[in-house]
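# Pasting the sequence and the predicted coordinates here, then a few questions.
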Amino acid sequence: MSTAVEPRGWAKLALHINGWFVYFFFYAPIALLVLFSFSNNRNVGIWGGFTLDWYQEFFNSSNAQGALSNSVKIAVVVTFVSVILGTMSALALERFTFRGKKVFDALLYLPIIIPDVTMAVMLLLFFGEFFELLDMAFGFQLRKGFWSIVISHIAFNISFVSVVVRARLTGMDTDLEEAAVDLYASRWKAFRYVTFPQILPGIAGGALLAMTLSLDDVVITQFVTGPGWTTLPVYVFGLIRKGVTPAINSISVIMLLASMILVVLSLFAERARHSV
Amino acid sequence: MRLRSQKMALRPKGVFMRKDTKLRFVAAVAAFALLAIPACGGSDDEEKASCELNEVDGDLALYNWAEYIDEEQLAEFAEEYGINATMDVYDSNEAMQPIISAGNSGYDVIVPSDYMVSILIEAKKIQPLNFDVIPNASNISDDFSGLYYDPDGSHSVPYQWGTTGIAVNTAEVGTDFPRSWGLIFDPAISGDFDGQIQLLNDPRETMGAALKYLGYSLNSTSEDELNEAKELLKSTASRLAAFNTDSADEFITQGETVIGHGYSGDMFVQFLEQDNYEDYLYFVPEEGGTRWIDNMAVVFDAPHPCTAHTFINWLLSAEQGAALSDWNYYDTPNQAALDLMAEDPDGYYDDLLDFVRDPARYAGGIESLESIEDTGEFEINFADAFVEAKG
Amino acid sequence: MAIASDQSSEEDRMTPQFEKVAEKKESRRGFLLALPSYVYLIIFFVIPLIIVLVYSFATRNRFGGTDLSGWNLESYERIAEPIVRTILFRSLWLAFLTTVICLLIAYPFAYFLATRRPAIRNVMLVFVMIPFWTNFLVRNFAWRVILGNDGPLTKTTEFLGLGTQELLFSQKAVVLGLVYGYLPFMILPLYAAIERIDGQLIEASRDLYGSAWQSFRNVLLPLSMPGVIAGSILVFIPSMGAYVTPEILGGAKTTLLGSYIVTQFLTARNWPFGAALSFVLMAIMLVGTVIYFRKGGRTL
């Protein structure tokens, strides 16, 4: 993998300043959020002395914990499936020509441009009909819940993943890939050993995006969820009616910690694999 | 929306994109879309659930506003009856309605507000209650009989109620002001506080406040009156800090605003959390304001109607009613619970009573309060006027 | 991006038989790769979409439900009203502003990331995303506190002797919130595009052109164009539909398209009009996207 060359002189300085400014911009509200999760005042924004009460409240609330675990379960399945389907679509569109390609291309954009609430409403109507149809045709009694949320999230995430992967694939040198095809005489091996490592950053980016979108979606989830499947954003959305207390912050901090631990673990795993 | 599909099974076959199957595919999609078109008429059988007193026929799935009942109280019910109770939350009647209406939601009990109850009854999305197994319904105060949205009280029982009014930071504004909507709409009264006033981001509540100030009903369906209210709001909009529904209470205690428009219970809870809580005041202006009532109802296709009835009956007991109010600070329609709170030998409910039972908070008396009613097609006019007033 | 597919028909006549067979096989492969997503999207996106399309021609009934009889174009006719146009242009302008600001910040940032050592790069990229694994509402509220009357920003400006600022509940605050919310959507594709550019190419171009600006203009920018396009779309489109940020940071004082559509579905309970608005919005976006791609394609 190549490393782009760094400019020299003032341009380098400007790049660095901008770089650290972006991190500052990203983390300033996060710092505030973490700080007030320890504040002994019901209002976020007014410091009331140090306390761990809000964390205790979270660990005492089965609703909050349930919502968090629902969100994580959903995000994991959604990310996994969307990345596979999205990458396949990106490859098909960037590396092959086939009939119906243009229609497929346009179709992939629709989930990105549709307003959230419209997608929510249409999926609500769809699941209502779909379940009734299944019930009549096969006698299945399905209920909205985990699968209806997962299906809906995948429906928009395929597109987001494929956009990011395609940005990586377009204009990428195909010589190497073609040489590999000649050499291995198998598209699959060429993909596995040549293309895949090259587009991995794109796939990783797509996965991050899919996960973020799944963890953050509230409108669509609210419409396709069923009993016992309140996700964290839906739970928080409901809470804000009664005021934003640091309880919401503490949940965010816990998610932040969990994701950081995951990242660190995966980094260690990576390093261990490399050193073997 | 009455959804009821024709009895018809549909199985799309074949690969979609082969040319000869393309047509078939289009036909299949069209057929599916047609299926989504409901036949006229709803379910005709409006039968009450046949249950025994305190019977449970499975777990309870409650669909409620967030923070409207203590989780522990719900857990107590679950434990007492040996079932599981789950609660999911919504943040507006309009978000809940389509989910219930689509059918197969899996929820047993919902908590719709007044006007939504009438809509749900009309659309046959909630079932008539079997009052034989809700004996505690007699605890409900007589003030809550013959309500416009459920005249014979057959489909719903009140859960909690409250008002929509004005909150004031008296440390900034003083106490010498008229108890009127003019505090928001009249620059001669509140001009000093431009940029520190908030209104609810809700067409019915906010257009309603303007209508009340002008001396009209907040359910007015007169275009002229609504226009007048729209112009009033338009001239007020530039003096506002924000239109906001969720954070009205925090704005005022955090100093973003000094005059706010919001719901009683939200304000009370927020005020009580402050060290300087006597600086804050909530009242309904003398012109009158909104009185809203949230209700419990059983979903038309509730999977566990008997558990639902048992839960409703349980929550209507004096002890549980008092516990509910003590947690969410809204007014209880439960007379037995009120009596229990009033006796209150240990002073347990002191704080609550200061706020919830203070009669001074309706400047115009309880008769001046009005419920928001569904105005049918005129709802669109309310929504449009609100958007146009904001510009 | 879709341009490659147009060339095949021209060359069909000249290609020998065996290549045609190979091409057919290739086409089959491409089709099979796309098939799972294709089928998935048709079942779980296109069919539901057709249902709402049907709704957009129906009428709102008295109870705020939708009567699926008596088809009409009323909802589409309403879109010609001046208030809708005002809202549309306001939203377009705000989304445009957000996209440009994101691009200006994200491009150098993505380049900065791409010039880090490979081992550190991925970590830095993950640290871009981590803030976004907290809840988006909570992030918006954090900004409200920062911009608020007694917030850290006011305290800082007062300390610096710059007086108080009144950002909260203004258009500026909305743009700030949108930039914050969608910046990663710009960074991710940009980084993916820039990272794969051969460093030697830039090195060579710098020798060739002499100036950093020219080497950027003639080599780096064209090569990273796919990332610019993808990022702009990922930022512009959600900005057009945003409604939580305008409400929390903008005080909902002006109506934007996203809020307007939500209002139709969830307040006025006018699903036909909400659906019609969505379809018009989607049509504008789709046409805009196609034009944007064509343009981007030409600069390539």
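Alright, I've got the coordinates.
# domain parsing for chain B?
According to automatic domain parsing, chain B comprises the domains B:7-36, B:60-161+B:292-353, B:163-290+B:360-390.
# For residue 129, pull up the helix or strand it's in.
Because you didn't say which chain, this covers chain A. helix A:116-138 (DSSP states H and E).
# my bad, chain C
Using DSSP H and E, C:M129 falls in helix C:118-129.
# what's that helix in contact with?
Residues outside helix C:118-129 that contact it (C-beta atoms under 8 Å, 6 or more residues apart in numbering or on different chains): A:1, A:3, A:22-23, A:26, A:201, A:204-205, A:208, A:212, A:263, A:267, C:113-114, C:116, C:184, C:187, C:191, C:195. For glycine as for every other residue, the C-beta is placed from the backbone atoms N, C-alpha and C.
# Show me the residues you listed that map onto helices.
Assignment to helices by DSSP state H places the following of the contacts of helix C:118-129 there: A:22-23, A:26, A:201, A:204-205, A:208, A:212, A:263, A:267, C:113-114, C:184, C:187, C:191, C:195.
# Name the nearest of the residues you listed relative to C:E74.
Relative to C:E74, the closest of those is A:T212; by C-beta to C-beta it sits at 39.0 Å.
# The spatially closest residue to that closest one that is not a sequence neighbour: what's it in contact with?
Among residues not flanking A:T212 along the chain, C:F132 sits closest, at 4.8 Å (C-beta to C-beta, 6 or more residues apart in numbering or on different chains). Counting by C-beta under 8 Å, 6+ apart, C:F132 touches A:T212, A:D216, C:R139, C:P184.
# for A:T174, same thing?
Here A:T174 is in contact with A:R95 (C-beta under 8 Å, 6+ apart).
# Kindly report the same for B:N381.
Contacts of B:N381 by C-beta under 8 Å, 6+ apart are B:T221, B:E223, B:L226.
# quick one: the helix or strand hosting it to chain centroid distance?
Using DSSP H and E, B:N381 sits in helix B:378-390. Here helix B:378-390 is found 20 Å from its chain centre; the criterion is C-alpha atoms, centre = their mean, to the nearest Å.
# Any buried residues in that helix, and which?
B:378-390 (16 or more other C-beta atoms under 10 Å in any protein chain shown).
# next one: stretch C:51-63
Judged by neighbour count using 16+ other C-beta under 10 Å, the buried positions of stretch C:51-63 are C:I51, C:V52, C:L53, C:V54, C:Y55, C:S56, C:F57, C:A58, C:T59, C:R60, C:N61, C:F63.
# Give me the subset of those lying in helices.
C:I51, C:V52, C:L53, C:V54, C:Y55, C:S56.
# Tell me which residue of the stretch 101-250 of chain A lies closest to chain B.
Here the stretch 101-250 of chain A gets closest to chain B at one residue, A:G238, 2.9 Å apart by C-beta to the nearest C-beta.
# my guess is that residue is in a helix, correct?
Yes: according to DSSP: H, G, I helix; E, B strand; the rest coil, A:G238 belongs to a helix.
# Regarding whichever residue of the stretch 201-300 of chain C sits closest to chain B, what is its secondary structure?
Nearest residue of the stretch 201-300 of chain C to chain B: C:G251, at 2.8 Å (C-beta to the nearest C-beta). Of the three states, C:G251 takes coil under three-state DSSP.
# Please apply the same query to the one 4 residues further on.
Following three-state DSSP, the label given to C:T255 is coil.
# I'd like to know how many residues surround it.
The number of residues packed near C:T255 is 22, by other C-beta atoms under 10 Å in any protein chain shown.
# Where does the prediction get shaky in the chain?
I went with chain A, as the question did not name one. A:1-5, A:171, A:184-185, A:241-242, A:270, A:273-276 (pLDDT under 70).
# wrong one, I was asking about chain B
Low-confidence regions of chain B, defined here as pLDDT under 70, cover residues B:1-45, B:347-363.
# Need the single longest strand in it, by residues.
What stands out as the longest strand in chain B, according to DSSP state E, is strand B:157-169.
# which helices and strands does that strand pack with?
With contacts taken as 3 or more C-beta pairs under 8 Å, 6 or more residues apart in numbering or on different chains; DSSP states H and E, strand B:157-169 sits against helix B:182-185, helix B:248-254, strand B:259-263, helix B:264-272, strand B:280-283, strand B:290-298, helix B:318-328.
# between those, which gets nearest to B:N104?
Closest among the helices and strands packed on strand B:157-169, using C-beta to C-beta: strand B:290-298, at 15.3 Å.
# Which helix or strand lies directly C-terminal to that closest one?
helix B:305-315.
# Of all the residues in that next one, which ones are buried?
Neighbour counts using 16+ other C-beta under 10 Å place B:P305, B:C306, B:T307, B:A308, B:H309, B:T310, B:F311, B:I312, B:N313, B:W314, B:L315 of helix B:305-315 among the buried residues.
# roughly how far is it from the heart of the chain?
Worked out by C-alpha atoms, centre = their mean, helix B:305-315 lies 20 Å from the chain centre.
# outside of it, which residues touch it?
Counting by C-beta under 8 Å, 6+ apart, B:49, B:51-60, B:62, B:77, B:80-81, B:83, B:85, B:108-109, B:127, B:129-130, B:133-137, B:157, B:159, B:296, B:298-299, B:302, B:320-321, B:324 sit against helix B:305-315.
# rewinding a little: what's the ChimeraX syntax to select whichever of the contacts of C:F132 are buried?
Only the buried entries of the contacts of C:F132 go into this ChimeraX selection, using 16+ other C-beta under 10 Å:
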select /A:212,216 /C:139,184
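# circling back to that earlier point, and which of the buried residues of helix B:305-315 is nearest to B:F268?
B:L315 (20.9 Å).
# as a whole number, average confidence for the helix or strand containing C:F89?
Assessed by DSSP H and E, C:F89 sits inside helix C:82-114. For helix C:82-114, mean pLDDT rounds to 94.
# And the most centrally placed residue in chain A, how far from A:N18?
Central residue of chain A (C-alpha atoms, centre = their mean): A:M211, 1.6 Å from the mean position. Distance of A:M211 to A:N18, computed by C-beta to C-beta, to the nearest Å: 26 Å.
# and the helix or strand harbouring C:A193, what other elements does it pack with?
Element membership for C:A193, per DSSP H and E: helix C:171-195. Contact analysis of helix C:171-195 by 3+ C-beta pairs under 8 Å, 6+ apart lists helix A:10-36, helix A:146-169, helix A:196-216, helix C:82-114, helix C:118-129, helix C:136-147, helix C:221-241, helix C:244-248 as its packing neighbours.
# Alright, that wraps it up for me.
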